[in-house]
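K.L.:
Sequence and predicted structure are below.
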Amino acid sequence: MTSTATRSARPFGAVGTAMVTPLTEDGHGVDLESAQKLADHVVRHGNDMIVVSGTTGEAPTLTDVEKLELARAVRDAVGPEVTVVAGVGTYDTAHSIDLAREHAKLGIDGLLVVTPYYSKPSQAGIIAHTTAIADSTDLPVMLYDIPGRTGTPLSFETLLRLGENPRILAVKDAKADLQQASRVMAQADLVYYSGEDGLNLPWLSIGAAGMVSVVGQVAGDLEREMVQAVDRGDLPAALAAHRGLVPVVEAIMNHMPGAVAAKAALHLQGVLPHAAMRGPHVPADTDQLRMLSEALDAAGLL
């Protein structure tokens, strides 16, 4: 990717991971060396996009300096053929613009901009906020529509308006409204990425470009198989990959916060040296670790 936004079928790639942020064992610092090793692992296992400082990356608990150091470290760790996207959206427009501009200096490929959370702005406020961030750099933008966390979904009309901006290219959708997305894709150039691992195949089936996945850092090869099967029109192979992922998605996404489960799973796989979290998250307990281990073993991922 380049720093100039372009319209394409897959402007950010196809198989993306919402990467966890490895911390020092006491949770007080970011372990940049482990982050680089994890980024390399993710790329070697089927991913062509890495999103840092997203929900799974514990972004609300990271300082601005930590976010920038993390993005720089991951950018340096992966080749230019891998798309690196940084989450810069907050509930403060000015702060988000500052983060966008600072990240743009690092040679990353795009920005993830979540709907402002907690303050629950109007749709007009969301449009003004997002447009201001998109217009602050030349980097392409992926919207992040996750009303379960933000309290406010992006409306159909708002998506069409935002899609008119030449830098806003895609939507990471985590609200499961496939009908609205189908209408948007029929009327605008916005590209969709699945933001819910259990719905990756349904999203691909209606024309999504790919996914931004929590599970992708644990089972990226299977997700790559699913995307490739859909691309060649092989539904049985896509279903086989989807069904192979079911126990892993269930264990990681439905019994504890995704960030907690993903770190624990990566530790069980030997990819991370430990699974330290930063409050308010706490590490997986014994029962959760047992469940994760059984699911990963059943999927052949240990």
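P.N.:
Arrived safely.
K.L.:
Name the next helix or strand downstream of the host helix or strand of A240, please.
P.N.:
Using DSSP states H and E, A240 maps to helix 235-253. Once the chain leaves helix 235-253, the next helix or strand it forms, by DSSP H and E, is helix 258-268.
K.L.:
what's the average pLDDT for that following helix?
P.N.:
In this model, helix 258-268 has a mean pLDDT of 98.
K.L.:
which residues touch that helix?
P.N.:
By C-beta atoms under 8 Å, 6 or more residues apart in numbering, the residues outside helix 258-268 that reach it are 18, 20, 22, 38, 55-58, 214-215, 217-218, 251-253, 255, 272-277, 281-284, 288-289, 292-293, 296, 302. Yep, even glycine has a C-beta here, placed from its N, CA and C like the rest.
K.L.:
Would you list the buried entries among those?
P.N.:
18, 20, 22, 38, 55-58, 214-215, 217-218, 251-253, 272, 274-277, 281, 283-284, 288-289, 292-293, 296 (16 or more other C-beta atoms under 10 Å).
K.L.:
So which of the contacts of helix 258-268 are in strands?
P.N.:
With DSSP state E as the criterion, strands contain A18 from among those.
K.L.:
Out of the contacts of helix 258-268, list just those in helices.
P.N.:
38, 217-218, 251-253, 288-289, 292-293, 296 (DSSP state H).
K.L.:
Looking at the residues you listed, which is nearest S155?
P.N.:
Of all these, M253 has the smallest distance to S155: 26.1 Å, by C-beta to C-beta.
K.L.:
Spatially, which residue comes closest to that closest one, not counting chain neighbours?
P.N.:
In space, and not counting its chain neighbours, M253 is closest to D197: 5.6 Å by C-beta to C-beta, 6 or more residues apart in numbering.
K.L.:
dump the residue contacts of that neighbour.
P.N.:
211, 213-215, 245, 249, 252-253.
K.L.:
farthest pair in those?
P.N.:
Taking C-beta to C-beta as the measure, the contacts of D197 span a maximum distance of 13.8 Å, between M211 and I252.
K.L.:
With D145 as the reference, measure out to the residue nearest to M253.
P.N.:
As judged by C-beta to C-beta, to the nearest Å, D197 and D145 stand 16 Å apart.
K.L.:
go on, D173?
P.N.:
Using C-beta to C-beta, D173 is found at 5 Å from D145.
K.L.:
can you list residues touching both of the two?
P.N.:
With C-beta under 8 Å, 6+ apart as the test, D173 and D145 both reach G195.
K.L.:
Pull stretch 137-147 out as PDB, backbone CA atoms only.
P.N.:
Below are the C-alpha coordinates for stretch 137-147, written out as PDB (Å, rounded to 0.1, in the frame of the first residue of the first chain):
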ATOM      1  CA  THR A 137      -3.800  13.200   6.600                       C
ATOM      2  CA  ASP A 138      -3.400  11.500   3.200                       C
ATOM      3  CA  LEU A 139      -3.900   8.000   4.700                       C
ATOM      4  CA  PRO A 140      -6.800   5.900   3.800                       C
ATOM      5  CA  VAL A 141      -9.400   5.300   6.500                       C
ATOM      6  CA  MET A 142     -11.300   2.300   7.700                       C
ATOM      7  CA  LEU A 143     -14.400   3.100   9.700                       C
ATOM      8  CA  TYR A 144     -15.100   1.000  12.700                       C
ATOM      9  CA  ASP A 145     -18.800   0.500  13.400                       C
ATOM     10  CA  ILE A 146     -19.200  -1.300  16.700                       C
ATOM     11  CA  PRO A 147     -22.300   0.000  18.600                       C
END
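K.L.:
now it, how far from the centre of its chain.
P.N.:
On the basis of C-alpha atoms, centre = their mean, to the nearest Å, stretch 137-147 sits 11 Å off its chain's mean C-alpha point.
K.L.:
Buried residues of it, list them for me.
P.N.:
Buried residues in stretch 137-147, counted by 16+ other C-beta under 10 Å: 137, 139-146.
K.L.:
likewise stretch 177-194?
P.N.:
In terms of neighbour count (16+ other C-beta under 10 Å), stretch 177-194 has its buried residues at 178, 180-181, 184-185, 188, 190-194.
K.L.:
Next, the distance between the ends of stretch 74-84.
P.N.:
One end of stretch 74-84 to the other measures 8 Å (C-alpha to C-alpha, to the nearest Å).
K.L.:
which residues are contacting that stretch?
P.N.:
Stretch 74-84 is contacted from outside by 1, 12-13, 16, 19, 35-37, 39-40, 43, 47-50, 52, 71, 106-110, using C-beta under 8 Å, 6+ apart.
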